[in-house]
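# Return a 3D structure for these sequence lines:
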Amino acid sequence: RDSFNNQSIASCADVLPFCDSISKVPEWEVDGGRGFLTRMLCSETCGCSDPGGLFVNVQGCPYGRNRPCQSSAKFKAAVQSATCEEKSAEEL
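This next block holds a predicted model:
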């Protein structure tokens, strides 16, 4: 709450807009670290366990060998069933 200057934050749903916010480490430039903090503490809300999810910026997601996101059944299933398809410029 203090990092967002918003004491009314009650759940991860309240910070969902910050899931794709850019935090430049180590100075926390651009958004003051709000995106990084949101992805770190609300990784499920931000789709960190979905390697093909909506959010491209995964800095802060608890990725890495034996970390929660990559160890989850959801992440493993997504990787197993993933297909690689090149998208057109319009789709991007």
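# so where's the protein shaky on pLDDT?
Low-confidence segments of the chain, defined by pLDDT under 70: 55-58, 63-69.
# now the strands for it?
Secondary structure of the chain by DSSP state E: the strands cover 23-24, 29-30.
# which stretch among those comes nearest residue 40?
strand 23-24 (9.8 Å; C-beta to C-beta). C-betas here are computed from N, CA, C, even on glycine.
# winner for burial among the strands of the chain?
strand 23-24 (a mean of 18; mean count of other C-beta atoms under 10 Å).
# All the helices of the protein, in order from the start?
34-41, 68-71, 73-81 (DSSP state H).
# Any idea how far the longest one is from the middle of the chain?
By that I understand helix 73-81. On the basis of C-alpha atoms, centre = their mean, to the nearest Å, helix 73-81 sits 16 Å off its chain's mean C-alpha point.
# Next: stretch 70-82.
Relative to the chain's own centre, stretch 70-82 is displaced by 16 Å; criterion: C-alpha atoms, centre = their mean.
# Ok, stretch 77-88 next?
On C-alpha atoms, centre = their mean, the centre of stretch 77-88 falls 18 Å from that of its chain.
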